[in-house]
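Compute the structure for the input listed below.
(chains A and B)
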Amino acid sequence: MTTSDKFVHMAIAVLLFYGVMAGILLLTQRLRSRRGERVQAAAFLGPSLLLIGVGLLYPAGVTIYQSLFGAATFDPPFVGLDNYADLFTNSQQLTVLRNTLLWVLLTPTISTVIGLVYAVLVDRAAFEKFAKALLFLPMAISMVGASIIWKFVYDYKSGDSTQIGLLNQILTWLGIDTYNFLLEPPWNTLFLIVILIWVQAGFAMTILSASIKGIPEEMTEAARLDGVGAWQMFRHITVPSIRPSLIVVLTTITIATLKVFDIVQTATGGNFDTSVLAYEFYRQNFVAGNQGLSATIAVVIFILVIPIVVYNIRQMRKLEAR
Amino acid sequence: MSTSTPTAAQVPVGTAPAVPASTAAKKGLTNRWASAVALIVAVVWTIPTFGLLISSFRPEADVKSNGWWNFFTDPSLTLQNYRDVLSGGSTGESLTTNLINTIVITVPAVLIPISLATLAAYAFAWIDFKGRDTLFVAVFALQIVPIQVTLVPLLQLYVDPPFNLMPLAGRDAPAGGLYELWLSHTIFALPLAIFLLHNFMREIPGELIESARVDGAGHVAIFTRIMLPLMMPAIAAFGIFQFLWVWNDLLVALVFSSPQVSPMTVKLVSLVGQRGEDWQLLASGAFVSLAIPLIVFLALQRYFVRGLLAGSVKG
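Numbers count the residues shown, from 1 in each chain, chains lettered A, B, ... in the order given. Sure, this is the predicted structure:
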C-alpha cells in the first residue's frame, strides 16, 4: 500500500464517519415530541453504546470465559480455575507477581512525593511556568521513547571499555565499579520503575500544583501571621488541604502502573526476570501461545483495578461535591 | 509590590501576587533552598532527554564509542543520523513509512471518538429519557475495563466477524487493517471521553438551554449552535489527551497492526531488539517520534492542563 493510498483511506474513513453523523443530526432535527426525544437520544447514544457493547463488554465476557481453558490453539481443554492456581504457584509467575507488586508500591508513592515537593517548591516562584514545563515534558513522550532515552542512561559496557551510559560514566568518575543496571534481578525492576516515575511525576505535580493554588489565601496568611514555619505549613496546612487530590493522583498512577507494558517491552523485552502482569499477558498470548493463562492474567489485572478505581471515583465525587 | 527591600524590587512585576515586605524577606531565605532543590530535580529530569537529543546529532562513530557528554570537549555534529533514519540510508531502516502510518492512524482515531462522545455526552446531559442515569453510570463504570481484557476477543471478532461481515483484520483486510486500528482506539477512548465531556456539558447553565428550547430550538440546533462552540476548549482538552494516547500507543498497535501499517512505536521497539547497538539510529528515530507530540503538547499546554484537572480534580 502506497502512502497516498493510506491518506485516501484516511480521508474516506473520516468523510464517511462525518457523513453518517450529519445524517443522524439531519434526520432527527425535526423531532420535538416526547417520543421524538427518545428517538433522538437513541440516535445520539446508539453509535457509542453499540461500540462499547461490542468492543468492551462482549470481549470482556469472552476473556473471563477463556480464562477457564488451557493452552491449545484449537479446542483448548476446560481446566476450571487451574490457570488461576498456576498464576499463584508457578515460580516464574510468582516473580511476575512480585515485580508487579514492586511497581505498584513504588511508582505511585515516589512519583507523588516528587510531584508534591516540586509543586510546593516552585509555587509562586518567578520561573514557575518554565520549571513546571521541565517536569511534565516526559508526559508527552511515549513510554517507548522514554525507555530508549533511559537506555542511554543505563547502558553498560563490560571491562575497561569507555562507558556510553551516563550512570556508569558517573560511577567511573567516582571510582566505583560499573554496574549492569538492567541485568540483575530484582534490582533491574527498580531501574525500570525509575523510568515510569520519571514519566508520572509531572502528572502528579500538575494536579497537585493546581490543588495547592486552590487553598484559600486567608488560611495560609493566617498561619503565616501565627508564625508557622515552612515545614509546619506543609505538614499541617498544605497536605491536609489537598488530601483528596493526593488520593486521586495516587490511585490514578496506580491504575496506570498496573497496565505498564511498553517500558518492560522496550527496555528488557521481559527478560532477566523483569516481566510484569501486563507484559506477561502479552507474552503468554502472542509469544508463548497460552491463551488461557493470558486471559487469566487479563482478568487478574481487571480484578486488581476494580477496587482502586472505585476508591478513585469516590474521592473524585468528594472533590466535586465541595 | 513593595520596593522597600532591594531584592523584592528586582522581582519582575506581574509574576507573583503582592506580598508584604516582611514576609517577602522571610520567604527570600527559604526560597533560596527551595530553588536549589527544585533546580536539582529539574536538571535530573531534563538530562536524559537532553542526552538523547545530543546523541541524535553526533556522528555514528562517536555515538558508538563514547558518551554524549564528550560532545562538550569534542563537538562534532551531523544530520546524517536523521537522513539515515528517514530515508533508510545505509542501514535500510526507514522510519518515514512508520511516521506516515502513525499520522494516518492518529487523525481518525482522534476525530471519531471525540465526535461520537460529544454526541453521547449531550444526550446524557440534556435529553431526558427513561433509564438515563443508570445507562450513564454503566458507561462511566466501563472505564475500569483494562484494554488487556478486550484485546484478544476483539482481534478474533475482526478476523472472523459474525453475520458475514467483512473481516477487518488479516490478509484481505481493507486498507491493510487500518480500520481495526481506528475502531479499536475509538472503542477504548469512548467511556472516558463521554464521562469527561458530560462533566463539561453539565457546567453550562441550564437556563441557556431552556431559553433556546422556549425559542423553539430542537436538540440538534442546540447541540450544533450552542453546545459545540461552548464545548470547544473541552473538546480540545480531550483531543490532546487522545492524540498523545494514540500517537504514543504501543500495545494496541502491536496487537492489531499488520507490518505495512505499523506505527513508529512498533518500529522503534523492533529497532531496539534488532539493532540495539546502532545507538545513533535509536536516538534520531526516537527523537523523530518525540518531536511532534512535544510540539503539540507545548503549544496546547493550557488546554491539556484543563482537561487533566477536569478528569481528576474537578472543581
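
low-scoring stretches of the chain, by residue?
You didn't say which chain, so I picked chain A. Across chain A, the ranges flagged by pLDDT under 70 are A:32, A:319-322.

try again with chain B
Residue ranges of chain B with pLDDT under 70: B:1-30, B:89-93, B:164, B:170-172, B:276, B:306-315.

Show me how it divides into domains.
Per automatic domain parsing, the domain ranges recorded for chain B read B:6-78, B:96-312.

again with chain A
With domains defined by automatic domain parsing, chain A comprises A:3-66, A:82-321.

Of those, which stretch is the most buried?
domain A:82-321 (a mean of 19; mean count of other Cβ atoms under 10 Å in any protein chain shown). Bear in mind the C-beta positions are built from the backbone N, C-alpha and C, glycine included.

Could you check how far that domain is from the centre of its chain?
Averaged C-alpha coordinates place domain A:82-321 at 8 Å from its chain's average position (Cα atoms, centre = their mean, to the nearest Å).

Counting by contacts, list what the longest helix along chain B packs against.
Criterion DSSP state H: the longest helix present in chain B is helix B:21-57. If contacts are counted by 3 or more Cβ pairs under 8 Å, 6 or more residues apart in numbering or on different chains; DSSP states H and E, helix B:21-57 sits against helix A:91-122, helix A:128-136, helix A:143-154, helix A:166-173, helix A:187-213, helix B:6-10, helix B:80-87, helix B:279-299.

how about the ones you listed in JSON lines, adding distance to A:Ile52?
Listed next are those as JSON lines, based on distance: least, Cβ to Cβ, whole Å:
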{"stretch": "helix A:91-122", "distance to A:Ile52": "27"}
{"stretch": "helix A:128-136", "distance to A:Ile52": "31"}
{"stretch": "helix A:143-154", "distance to A:Ile52": "26"}
{"stretch": "helix A:166-173", "distance to A:Ile52": "45"}
{"stretch": "helix A:187-213", "distance to A:Ile52": "26"}
{"stretch": "helix B:6-10", "distance to A:Ile52": "56"}
{"stretch": "helix B:80-87", "distance to A:Ile52": "39"}
{"stretch": "helix B:279-299", "distance to A:Ile52": "27"}
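
Could I get the full set of helices for the stretch 101-250 of chain B?
Remark: helices assigned in the stretch 101-250 of chain B by DSSP state H, counting those that start in this stretch are B:132-141, B:147-159, B:178-203, B:206-214, B:219-221, B:228-248.

residues in contact with the fourth one?
The one in question is helix B:206-214. B:Trp126, B:Ala221, B:Ile222, B:Ile226 (Cβ atoms under 8 Å, 6 or more residues apart in numbering or on different chains).

list the contacts for the residue nearest to B:Ser76 when sequence neighbours are not counted?
Excluding the flanking residues, the one nearest B:Ser76 by Cβ to Cβ, 6 or more residues apart in numbering or on different chains is B:Pro59, at 5.9 Å. Counting by Cβ under 8 Å, 6+ apart, B:Pro59 touches B:Ser76, B:Thr78, B:Gln80, B:Gln280.

Need phi/psi at B:Pro59.
Main-chain torsions, B:Pro59, degrees, to the nearest 10: phi -60, psi 150.

Next one: it from chain A, what distance?
According to Cβ to the nearest Cβ, to the nearest Å, B:Pro59 stands 14 Å off from chain A.

ditto for B:Asp133
In terms of Cβ to the nearest Cβ, B:Asp133 sits 13 Å off from chain A.

repeat for B:Phe136
Distance from B:Phe136 to chain A, by Cβ to the nearest Cβ: 10 Å.

isn't that residue right next to B:Ala123, touching?
No. Using Cβ atoms under 8 Å, B:Phe136 is not in contact with B:Ala123, being 9.4 Å away.

if I pick the nearest residue to B:Leu251 once chain neighbours are set aside, what's in contact with it?
Leaving aside its sequence neighbours, B:Leu251 sits nearest to A:Phe261 (Cβ to Cβ, 6+ apart; 5.3 Å). Each residue near A:Phe261 by Cβ under 8 Å, 6+ apart is listed here: A:Val276, A:Ala278, A:Tyr279, A:Phe281, A:Tyr282, B:Leu250, B:Leu251.

from those, which two are the most distant?
Greatest spatial distance in those: A:Val276 and B:Leu250, 14.4 Å, computed using Cβ to Cβ.

Which residues are in contact with A:Thr254?
A:Val104, A:Thr107, A:Pro108, A:Ile308.

tell me the two of the residues you listed that are most distant?
Pairwise distances among the contacts of A:Thr254 were taken by Cβ to Cβ; the largest, 13.0 Å, belongs to A:Thr107 and A:Ile308.

what are the C-alpha coordinates of stretch B:94-108, in CSV please?
Output in CSV follows, covering the C-alpha atoms of stretch B:94-108 (Å, rounded to 0.1, in the frame of the first residue of the first chain):
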residue,chain,number,x,y,z
SER,B,94,13.5,3.8,7.1
LEU,B,95,11.1,5.3,9.6
THR,B,96,9.3,7.6,7.1
THR,B,97,6.7,4.9,6.3
ASN,B,98,6.1,4.4,10.0
LEU,B,99,5.8,8.1,10.6
ILE,B,100,3.2,8.3,7.9
ASN,B,101,1.4,5.3,9.4
THR,B,102,1.4,7.0,12.8
ILE,B,103,-0.2,10.1,11.3
VAL,B,104,-2.8,8.1,9.3
ILE,B,105,-3.7,6.1,12.4
THR,B,106,-3.9,9.1,14.7
VAL,B,107,-6.1,11.6,12.8
PRO,B,108,-9.3,9.5,12.6
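
on that earlier part again, put together CSV for the contacts of A:Phe261, with distance to A:Pro216 and secondary structure on each row.
Converted to CSV, these look like this (distance: Cβ to Cβ, whole Å; DSSP: H, G, I helix; E, B strand; the rest coil):
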residue, distance to A:Pro216, secondary structure
A:Val276, 42, coil
A:Ala278, 41, helix
A:Tyr279, 45, helix
A:Phe281, 46, helix
A:Tyr282, 48, helix
B:Leu250, 43, coil
B:Leu251, 43, helix
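
of those residues, closest to A:Leu45?
So of the contacts of A:Phe261, ranked by how close each gets to A:Leu45 (Cβ to Cβ), first place is B:Leu251, at 28.1 Å.

Count the residues that sit near the closest one.
Other residues within reach of B:Leu251, judged by other Cβ atoms under 10 Å in any protein chain shown, total 20.

measure it to B:Leu165 for me?
25 Å (Cβ to Cβ, to the nearest Å).

just checking, B:Ile114 touches B:Gln242?
Yes. Using Cβ under 8 Å, B:Ile114 is in contact with B:Gln242, at 6.6 Å.
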